[in-house]
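Q: sharing a model prediction with you, sequence too.
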Amino acid sequence: MNNPGRVNASSYIEWAKLRSQAKFNLATSGVIPYLIADLPVTIEDIELSGLSLYGYEPLQRALARKCKVEPHSVVAAIGTSMANYLAMAAVLAPGDDVVIESPAYDPLIGIAGFLGASVRRFERRMDDGFCVDPDGVERAVTNATRLIVLTNLHNPTGALTDNDTLLKIGEIARGVGARVLVDEVYLEALFDEAPLSSVHLGNEFIATGSLTKAYGLSGIRCGWILAEPDLAKRMWRLNDLFGNIPAHPAERLSVIALANLERIGARAQALLKKNRVMINQFLDSREDLEVVRPRFGTVVAPRVLRGSADQLCELLREKYATSVVPGRYFDMPAHIRVGFGCDSEMLAGGLDRLGAALDELRRRS
Ligand SMILES: Cc1ncc(COP(=O)(O)O)c(C=O)c1O
């Protein structure tokens, strides 16, 4: 029988799958899909079966090279989603404390709840630029804390956490025998400006990532966990209970994508550069949105100053065929999250409509 108190779902993911679609969809957080036609792939390249036990060796080597770690520190996973699950499940037991940022990506909280951990939060505050405040983390940590969880770049605000801050978080974690999980899926969107993964900062760090968001490659589900080798081994063994062996064509496509990542990234970089100008111009023109502008990434999370964010989202969907993410899904109900990794024409249309809906709210108030 199901335990009725246990978290069994993510309301955000359900919303994203069933209710975020719109003609002008600014609710996505990745760049537009990369097409297989643009990859140098032959039918033989995606052979159906091959030797994949604790990883497919060519993929293990390619991920290790990309992340500048040894292959035994890499656990391949089905997207950052499964990577986060395996990382948290390998470290947390029922009754442990886990400290998670707020605002946060909903599945991170859901996984902790599903695993029976007690969730404690630390605030990333707007008047602090949504930075991670080590003092706030320290206040949330207890002797029962086994994991501290944050995203870098931050979803939903795009804020970057620097290595000095991460080192302080690592020290706090070490003090109570905990680990630090850094979801780095959006760090990929820094491309050649990206710092090394936080896994290089010490054995207490676990990093997760994928090719999903920055490269438009969600379809191949190429995700990974980086961790010290003993912990990585535990995650592989845990994975035997879940995904066990991935789809081999996806592994092979991942190897090809990684070999062509510079080219794939260049397309995304050009798109984001153009779209960032558009979103900044839009934000410059609005006095009814208060915003911390991230330097990098694919999303921005302005605060709605007139009317409520929910009211705005509803109006946008019903009258303007446009969607953004209601901030309540990230525990920031006065905000919306606007993604700008979409096609530039869609972004222009969506921003025009967002402006019109904000004007309409002003007239009503
Ligand atoms: C912070 C964060 N982690 C993980 C994911 C899921 O990534 P993937 O598609 O690689 O599973 C998302 C998707 O929105 C995300 O925002």
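A: Everything's here; your move.
Q: any idea how far the closest residue to Tyr54 other than its chain neighbours lies from Arg146?
A: With CB to CB, 6 or more residues apart in numbering as the criterion, Tyr54 has its nearest non-adjacent residue at 4.6 Å, and that residue is Trp236. C-beta: built from backbone N, CA, C; applies to glycine. From Trp236 across to Arg146, the span is 20 Å (CB to CB, to the nearest Å).
Q: again with His335
A: Spatial separation of His335 from Arg146 under the definition CB to CB is 30 Å.
Q: how about the residues of the stretch 51-200 of the chain that lie near the ligand?
A: Gly79, Thr80, Ser81, Tyr105, Thr151, Asn155, Asp183, Val185 (CB under 6 Å from any ligand atom).
Q: give the contact list for whichever residue of the chain sits closest to the ligand.
A: Of the chain, the residue with the smallest distance to the ligand, taken as CB to the nearest ligand atom, is Gly79 at 2.5 Å. Counting by CB atoms under 8 Å, 6 or more residues apart in numbering, Gly79 touches Ser210, Thr212, Ser218, Arg221, Cys222, Gly223.
Q: compare His335 and Arg146 and say which is more crowded by neighbours.
A: More neighbours sit around His335 than around the other of His335 and Arg146, counting by other CB atoms under 10 Å; the figures are 26 against 19.
Q: so what pLDDT did that one get?
A: In the predicted model, His335 carries a pLDDT score of 98.
Q: isn't it up against Val300?
A: No - here His335 does not reach Val300: they are 9.7 Å apart, not a contact under CB atoms under 8 Å.
Q: hmm, back to that, in PyMOL, how would I select the buried members of the contacts of Gly79?
A: In PyMOL, selecting the buried portion of those, with burial taken from 16 or more other CB atoms under 10 Å, looks like this:
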select buried, resi 210+212+218+221+222+223
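Q: could you pull out the strands for the stretch 51-200 of the chain?
A: With DSSP state E, counting those that start in this stretch, the ranges of strands along the stretch 51-200 of the chain come out as 74-78, 97-102, 118-123, 145-151, 179-183.
Q: which among those is found nearest to Leu258?
A: Distances from Leu258 to each of these were compared by CB to CB, and the smallest falls on strand 74-78, at 11.3 Å.
Q: what's the spacing between the closest one and its chain's center?
A: Per CA atoms, centre = their mean, to the nearest Å, the displacement of strand 74-78 from the mean C-alpha position of its chain is 16 Å.
Q: coming back round to it: now the residue of the chain closest to the ligand. Nearest residue, chain neighbours left out?
A: Using CB to CB, 6+ apart and skipping the chain neighbours, the partner closest in space to Gly79 is Gly223 (4.2 Å).
Q: would you agree the one you found falls within a strand?
A: Yes - secondary structure assignment (DSSP: H, G, I helix; E, B strand; the rest coil) places Gly223 inside a strand.
Q: when you give positions from now on, start the count at 38
A: Sure, I'll start numbering at 38, so the last one becomes Gly260.
Q: wait, what's in contact with it?
A: Gly260 makes contact with 113-120, 245-249 under the criterion CB under 8 Å, 6+ apart.
Q: now, the residues you listed that are in helices?
A: By the criterion of DSSP state H, membership of the contacts of Gly260 in helices covers Gly116, Thr117, Ser118, Met119, Ala120, Thr249.
Q: now the two most distant members of those.
A: Taking every pair in the ones in helices among the contacts of Gly260 and measuring CB to CB, the maximum separation is 11.5 Å, between Met119 and Thr249.
Q: so where's the stretch 38-187 of the chain uncertain?
A: Within the stretch 38-187 of the chain, the stretches falling below the threshold (pLDDT under 70) are 38-42.
Q: right, I'll call it a day here.
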